[in-house]
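Undergrad: From the sequence below, what's the structure:
(2 chains)
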Number of protein chains: 2
Amino acid sequence: MRKDEEFSEWYNGLVEGAELSDKRYPIKGMNVWRPYGWSIMKLIDAAMREEFDSTGHGEVNFPVLIPETEFQKEAEHVKGFEGDVFWVTRGGFNELDVKLLLRPTSETAMYPMFKLWIRSHADLPLKVYQIVPVFRYETKMTRTFMRVREIHFFEAHTAHASFEDAEQQIREDLQINERLMRLLALPYIVSKRPDWDKFPGAHYSLGSDTLLPAGRSLQLATFHQYRDNFAKVYEVTYEAEGGEHKFVHQTTDGMSERILGALLAIHGDEKGLVLPPAAAPIQAVIVPVLEKGRQEQMLLEAQRLFLELRERMRVKLDDRDIRPGEKYYYWEARGVPLRVELGPREIEKSMATVVRRDTGDKRELPRDALGDRLRSVLELMQIAMWDRAEKMIRQNTFTITSLNEAKDGFNRMGWCGSEACGKTIADQTGMSVLGTPFYPEEFKGVCIVCGKPTKQVVYVAKAY
Amino acid sequence: MRKDEEFSEWYNGLVEGAELSDKRYPIKGMNVWRPYGWSIMKLIDAAMREEFDSTGHGEVNFPVLIPETEFQKEAEHVKGFEGDVFWVTRGGFNELDVKLLLRPTSETAMYPMFKLWIRSHADLPLKVYQIVPVFRYETKMTRTFMRVREIHFFEAHTAHASFEDAEQQIREDLQINERLMRLLALPYIVSKRPDWDKFPGAHYSLGSDTLLPAGRSLQLATFHQYRDNFAKVYEVTYEAEGGEHKFVHQTTDGMSERILGALLAIHGDEKGLVLPPAAAPIQAVIVPVLEKGRQEQMLLEAQRLFLELRERMRVKLDDRDIRPGEKYYYWEARGVPLRVELGPREIEKSMATVVRRDTGDKRELPRDALGDRLRSVLELMQIAMWDRAEKMIRQNTFTITSLNEAKDGFNRMGWCGSEACGKTIADQTGMSVLGTPFYPEEFKGVCIVCGKPTKQVVYVAKAY
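TA: All right, here's what the predicted structure looks like:
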């Protein structure tokens, strides 16, 4: 495991070296997405769109600003967010009558509209999502993609006729999440957050967490069951088949650019990014190794290969007039999964030299049907990257029986479920109680604090 | 031509009827994009991305907020925008030391970063774009997609080694614009804006304008040549090959959701939207006309057709359990270019009944190779829609020789080029001087105000 300080330095170097984002923008924690970073994020966004579109969600786009009057309706929610929001108080030369806030999340923007859109049971379920910037007035130290003040955010919001329908939605969200995390090669655990740490206004919250190289956990996604808590406040009702008016039951599913941060941190190495093929804007780069006197013929060969591979993957031909070594370095920093070298030797033998970014493995493959061969290699990489990361998590998950055994990684221990014992765990370890596993785990032991027999475990980690 | 008031009512009905956007959000001029409206906008965005990516622009994403200190550097720019901006003055419970504004446009956000990114001539040209929300504290009456306070905005920003390179960029922008407007079936004229109406901080501004049914012009895009005006203020310099430091020359190209507004207004009819195929999220809808006792067989036929058409276009099978007539009405309101009816009669004869949304033309086409036939129809529609709109503009462009002849539409007249005469034109007609045509027009006459002989015309219209 890398130490925290080293991790920071290495991570920042990774982001800069690949030109993903620039943090020199003159507002702390608000960074500029540069083209390469943005192109990776757009691929991740596209994968989310595909998942949520195909499960009956419609994409909407709500205003960035929320009137103070709407925001203040749900008491717990206000309390949870009011210290964190940016306030617009002036328009042009006028003081605004009603102050506006930059959304930190969109419950209070959306639900007044849900009230208008939902009339009868035929309008349910209502399932929408949006991919938008949200804002948090962070006072802690910021870090690119992981903790920023303008966040590239995904949020799905649904309304249902019953609590059970909303529960079913959360199960669908978890399935979607599993498919997305596989694409991004990001293994995770799902925990039911302790009551004192649920989302402000939620009935309960689930969080999915992964493990960073420094042994800290990072929250990747959250799934909230709101029951009818918000519906009561925003008067979101529907006419049931019998004619009576009932409150809807709501859920949300949230993710952010943190997913990209996790991807970089977990798979990157000393040379730079290592992207899983599904999240790589360029999956293979062709580098012609030119020989004097035959430049033209060789560029032509490289172009021919480019046109061929283009049918099978996202490929780039790097024909810049710089040394091949410089190109290797450049594309390694950017995490391109495969490098295809084409030199005089390769052309003579009707081969291509192929280098895998994740393992560094280098081999000659026949030029014939190279597109198909490389597709297979990409698929293998995709699985191998998941497996490596999952193994890393397994190796750093520790079942402990005494609080002073807690260390970097996921700490798993018996818990009686009481808030008192939970808070003792947090206090004595200086770590966060992530919660009890959503997918039940076999356990028979005692609460690590009070010693009461229990079948329940809880996960605890230093949270990022 | 529709009258203004009727136009308003009709336009709002169009937007509501197709569920494009909801203006009941509790902030004036900030509307909610609903899934169908957003899906059209996303298609338009995708077309922009394709054009700008393929001409060497990189997509970036800058923060929404700009520090007051950066914003205030260019005097003309500040003067042009300060009455229009929303100000963030508080974060959490703190007054901010430096106030932040919601970007009305991104010059003052981007150019401090350009200063860092550009070192030498090898970094030029720098060509970036972004598709983001921008904000204007509009005090005039707002209208969905046409004048709003949160604007879905496109902006390309480029930096070049010389004025001539920047001029070349503007020519490229105009070519891109022509291709985009063809996709959207939106004919336009390009005018060089008069000096008193150029973008705050620009050397000169070009605008492209189209004509709405009520005879008003609507600005669709602007192209600004900044020369080194902003470069001097933000110190954006590069080291030339000779070693000396020079200021860059900059341009921008801007568009917004207004393009969608224009599309709706120009092509819509009494039944609702009429979308050009290139901007239609659904290009053809299949409506099975079921016959009792044969429902299953017919749904199967419809599904077979759906799978076949899906290879050739964006198609939807509407198998909802409602009357075909309701479906016709529903999809007409949404502007789907083609409706394919499949009933017992059609199946017997191995035909399909196809209805064009733009003309209402209805005919039976052989079921065999229907995908190819429909593709041809879609291509014809695309061209026909452009042609109809262009004819409408031609018919409403009037060359006038006296200011009291000015009417709804484009008014074309001789102009000596002086600001005094230009302002007289504006004052006496109550219209806007759009400017002189960018593509030179043959003319020999006199200035409509002072009577001096001139070869220059100017376009004048009531601007939306």
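Undergrad: pull the CA atoms of stretch A:416-436 into PDB?
TA: Output in PDB follows, covering the C-alpha atoms of stretch A:416-436 (Å, rounded to 0.1, in the frame of the first residue of the first chain):
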ATOM      1  CA  CYS A 416     -24.700  -5.400  17.900                       C
ATOM      2  CA  GLY A 417     -26.300  -2.700  15.800                       C
ATOM      3  CA  SER A 418     -26.600  -0.100  18.600                       C
ATOM      4  CA  GLU A 419     -25.700   3.500  17.800                       C
ATOM      5  CA  ALA A 420     -23.700   3.700  21.100                       C
ATOM      6  CA  CYS A 421     -21.400   0.800  20.100                       C
ATOM      7  CA  GLY A 422     -21.200   2.200  16.500                       C
ATOM      8  CA  LYS A 423     -20.000   5.500  17.700                       C
ATOM      9  CA  THR A 424     -17.500   3.900  20.000                       C
ATOM     10  CA  ILE A 425     -16.100   2.100  17.000                       C
ATOM     11  CA  ALA A 426     -15.800   5.300  15.100                       C
ATOM     12  CA  ASP A 427     -14.200   7.200  18.000                       C
ATOM     13  CA  GLN A 428     -11.700   4.600  19.100                       C
ATOM     14  CA  THR A 429     -10.500   3.800  15.500                       C
ATOM     15  CA  GLY A 430     -10.700   7.300  14.200                       C
ATOM     16  CA  MET A 431     -12.400   5.700  11.200                       C
ATOM     17  CA  SER A 432     -15.800   5.800   9.500                       C
ATOM     18  CA  VAL A 433     -18.500   3.100  10.000                       C
ATOM     19  CA  LEU A 434     -19.400   2.300   6.400                       C
ATOM     20  CA  GLY A 435     -22.300   0.100   7.600                       C
ATOM     21  CA  THR A 436     -23.600  -3.400   7.400                       C
END
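Undergrad: what residue of chain A is the furthest out?
TA: Among the C-alpha atoms of chain A, the one farthest from their average position, using C-alpha atoms, centre = their mean, is that of A:Gly293, at 49.1 Å.
Undergrad: is it true that it lies in a strand?
TA: No: A:Gly293: not assigned to a strand; according to DSSP: H, G, I helix; E, B strand; the rest coil it is coil.
Undergrad: Tell me the pLDDT of it.
TA: Per-residue confidence at A:Gly293 stands at 79 (pLDDT).
Undergrad: And A:Gly335, by the same measure?
TA: As predicted, A:Gly335 sits at a pLDDT of 98.
Undergrad: before we move on, what about A:Arg345?
TA: According to the per-residue confidence, A:Arg345 scores 90 in pLDDT.
Undergrad: Run through the stretch 51-200 of chain A and note the low-pLDDT ranges.
TA: Segments of the stretch 51-200 of chain A classed as low confidence (criterion: pLDDT under 70) are not present in this model.
Undergrad: Now do the strands in it.
TA: For the stretch 51-200 of chain A, the strands identified by DSSP state E, counting those that start in this stretch occupy A:58-59, A:65-67, A:86-91, A:94-102, A:126-135, A:150-160, A:189-192, in order along the chain.
Undergrad: tilt between the fourth one and strand A:150-160?
TA: Which is strand A:94-102. Relative orientation of strand A:94-102 with respect to strand A:150-160: 70 degrees, computed using axes from the mean of the first three to the mean of the last three C-alpha atoms, to 10 degrees.
Undergrad: Give me the contact status of strand A:94-102 with chain B.
TA: Yes: residues of strand A:94-102 are located near chain B by C-beta under 8 Å from any C-beta of the partner chain, namely A:94, A:100, A:102. The way it works is simple: take the backbone N, C-alpha and C, and place the C-beta from them, glycine included.
Undergrad: go on, stretch A:59-71?
TA: Yes: judged by C-beta under 8 Å from any C-beta, stretch A:59-71 comes into contact with chain B through A:59-65, A:67, A:69-70.
Undergrad: Those: which two are farthest apart?
TA: Comparing all pairs in the residues of stretch A:59-71 next to chain B by C-beta to C-beta, the longest separation belongs to A:Glu59 and A:Thr69, at 27.0 Å.
Undergrad: Which of those two has more residues huddled nearby?
TA: A:Glu59 (19 against 13; other C-beta atoms under 10 Å in any protein chain shown).
Undergrad: For the more buried one, give me its contacts.
TA: A:49, A:52-53, A:128-131, B:35, B:38-39, B:42 (C-beta atoms under 8 Å, 6 or more residues apart in numbering or on different chains).
Undergrad: Now for A:Gln225, which secondary structure element holds it?
TA: Assignment of secondary structure by DSSP states H and E places A:Gln225 within strand A:217-227.
Undergrad: ok and that strand relative to strand A:150-160, angle-wise?
TA: 30 degrees.
Undergrad: same for strand A:217-227, what does it pack against?
TA: Helices and strands touching strand A:217-227, by 3 or more C-beta pairs under 8 Å, 6 or more residues apart in numbering or on different chains; DSSP states H and E, are helix A:163-183, strand A:204-211, strand A:249-256, helix A:258-267.
Undergrad: Nearest to B:Met141, out of the ones you listed?
TA: In terms of C-beta to C-beta, the element of the helices and strands packed on strand A:217-227 nearest to B:Met141 is strand A:249-256, at 35.0 Å.
Undergrad: Mind listing the strands the closest one pairs with, and their directions?
TA: Strand A:249-256 has the following strand partners under DSSP bridges: strand A:150-160 (antiparallel), strand A:217-227 (antiparallel).
Undergrad: Surely A:Met298 and A:Leu290 touch.
TA: Yes: between A:Met298 and A:Leu290 there is a contact at 5.5 Å, judged by C-beta atoms under 8 Å.
Undergrad: which residues sit against stretch A:105-117?
TA: Applying C-beta under 8 Å, 6+ apart, the contact partners of stretch A:105-117 are A:62-63, A:66, A:70-71, A:73-74, A:77, A:81, A:103, A:123, A:126, A:128, A:130, A:132, A:134, A:153, A:155, A:157, A:159, A:201, A:230-231, A:233-237, A:248, A:250, A:252, A:254, B:22, B:24-26, B:32.
Undergrad: Check which residues of that stretch are buried.
TA: By neighbour count with 16 or more other C-beta atoms under 10 Å in any protein chain shown, stretch A:105-117 contains the buried residues A:105-115, A:117.
Undergrad: just stretch A:24-36 next, same as before
TA: By neighbour count on 16+ other C-beta under 10 Å, the buried set for stretch A:24-36 is A:25, A:27, A:29-36.
Undergrad: same question, stretch A:62-71
TA: A:62-68, A:70-71.
Undergrad: residue of the stretch 101-250 of chain A with the smallest distance to chain B?
TA: Closest approach between the stretch 101-250 of chain A and chain B, counting by C-beta to the nearest C-beta: A:Tyr137, at 3.8 Å.
Undergrad: Now for the closest residue to that residue other than its chain neighbours, how many residues are close by?
TA: Closest residue to A:Tyr137 apart from its sequence neighbours, by C-beta to C-beta, 6 or more residues apart in numbering or on different chains: B:Gly91 at 3.8 Å. Other residues near B:Gly91 number 22, with proximity taken as other C-beta under 10 Å.
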